[in-house]
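Sequence and predicted structure, then a few things I'm wondering about:
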Amino acid sequence: MAKIKGAIVVDTERCKGCNLCVVACPLDVISLNKEVNMKGYNYSYQAKEDTCNGCSSCATVCPDGCITVYKVKVE
């Protein structure tokens, strides 16, 4: 059976750093960046590269739709 590997892409300029995605992630993949975007918010990013399983919990709770989740089958 193939394993699913996930990855997220965050629209950093739309992210307002509400932290909902960080709390929703069951694998603690997402963190808030220390840097700020153009609006002055600490935006979220994928802190652990190979840990994401593509469950989409983060994208579901994001109120601004800033997160896109990708899933890839790994043999």
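All right, it came through fine. Residues are numbered from 1 along each chain as shown.

Tell me the confidence at residue 57?
Residue 57 carries a pLDDT value of 97.

gap between it and residue 4?
Distance, residue 57 to residue 4, by C-beta to C-beta, to the nearest Å: 14 Å. Yep, even glycine has a C-beta here, placed from its N, CA and C like the rest.

of those two, who's got more company?
When neighbours are counted by other C-beta atoms under 10 Å, residue 57 and residue 4 differ, and residue 57 comes out ahead with 20 against 13.

and residue 6, how many neighbours?
For residue 6, using other C-beta under 10 Å, the count is 19.

so who does the closest residue in space to it that isn't next to it in sequence touch?
Of all residues not flanking residue 6 in the chain, residue 54 sits nearest, at 2.5 Å (C-beta to C-beta, 6 or more residues apart in numbering). Counting by C-beta atoms under 8 Å, 6 or more residues apart in numbering, residue 54 touches 4-7, 69-72.

helix/strand/coil for residue 54?
coil (DSSP: H, G, I helix; E, B strand; the rest coil).

Next one, pLDDT for it please.
Taking residue 54 on its own, its pLDDT is 94.

likewise residue 2?
pLDDT, read off for residue 2, is 76.

what does residue 22 give?
97.

Now it: closest residue in space that isn't a chain neighbour?
residue 30 (5.0 Å).
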